[in-house]
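Visitor: Quick one: sequence plus predicted model below, questions after.
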Amino acid sequence: MNKKNEKWLNEYQAFLAFENSEVPKEISEKIYSHMNKLLNPSFSTIFVKLFFINLVAGFFSLSVCHQFGMNPFGTESSLDAWFMQMWGHHICMFVCGSLFIGLPILVSGFLMTIEEIKSLRSREFVQIFSLGVCFLILFSLFGVEFAAAIAGLWLLGALVGGCLATEIIWLLRKYPIKS
């Protein structure tokens, strides 16, 4: 037996000698607490992650769809003009809300753990509604003026798009496509 294998065998035998020893209660509690946080992430942890991903992705989505007239990049063409021409203002607001919230949730699903997605899914309505309201408040802080009915349609679209995106990302992560 070479020295490396002998060292490994000695370490293994030392490990077995401690097999029946009791783990200190503080260490067990610390491990259980840490595992509980990993397996059951908090509402606020998921919300903050979704918010910041949506903040970045939402800023870029405004370059292709000027929601509520916001155009941070000064681009000329926008999906909102196409949506309004095809379906009218009300459907446009619904679609814009669903894209503004839904697409970043799809992106965030690949940046989150399966446990975080599961936790999001268990409270998706509250999470997505809160996210939508936060972004409506941010829009208004940046000077956007909108009617309550139009904001309501945007928020309804955000809820539908966000819930749909959550279910899609859940299915994609739970049942990955194998090549």
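Guide: Thanks, I have it. Keep in mind the model is a prediction, meaning the values are calculated, not measured. Numbering: from 1, shown residues only.

Visitor: Tell me, what's the model's pLDDT at residue 114?
Guide: The confidence metric pLDDT takes the value 90 at residue 114.

Visitor: hang on, it packs against residue 174?
Guide: Yes. Contact criterion Cβ atoms under 8 Å: residue 114 and residue 174 qualify, at 7.1 Å. Quick note: C-beta positions are derived from backbone N, CA and C, even for glycine.

Visitor: Show the residue spans covered by the helices in this protein.
Guide: 3-17, 25-39, 43-61, 79-87, 89-109, 114-122, 124-141, 148-174 (DSSP state H).

Visitor: Determine which stretch of those is the most buried.
Guide: Stretch with highest mean neighbour count among the helices of the chain: helix 89-109 (a mean of 22; mean count of other Cβ atoms under 10 Å).

Visitor: okay, the angle between that helix and helix 43-61?
Guide: Angle, helix 89-109 to helix 43-61, by axes from the mean of the first three to the mean of the last three Cα atoms, to 10 degrees: 120 degrees.

Visitor: now what about helix 89-109, what contacts it?
Guide: 49-50, 53-54, 56-58, 61, 65, 67, 79-80, 83-84, 87, 117, 128, 131-132, 135, 150, 153-162, 164-166, 168-170, 172-173 (Cβ atoms under 8 Å, 6 or more residues apart in numbering).

Visitor: Then stretch 122-134?
Guide: Contacts for stretch 122-134 (Cβ under 8 Å, 6+ apart): 43, 46-47, 50-51, 54, 97, 101, 105, 120, 154-155, 158-159, 162-163, 166.
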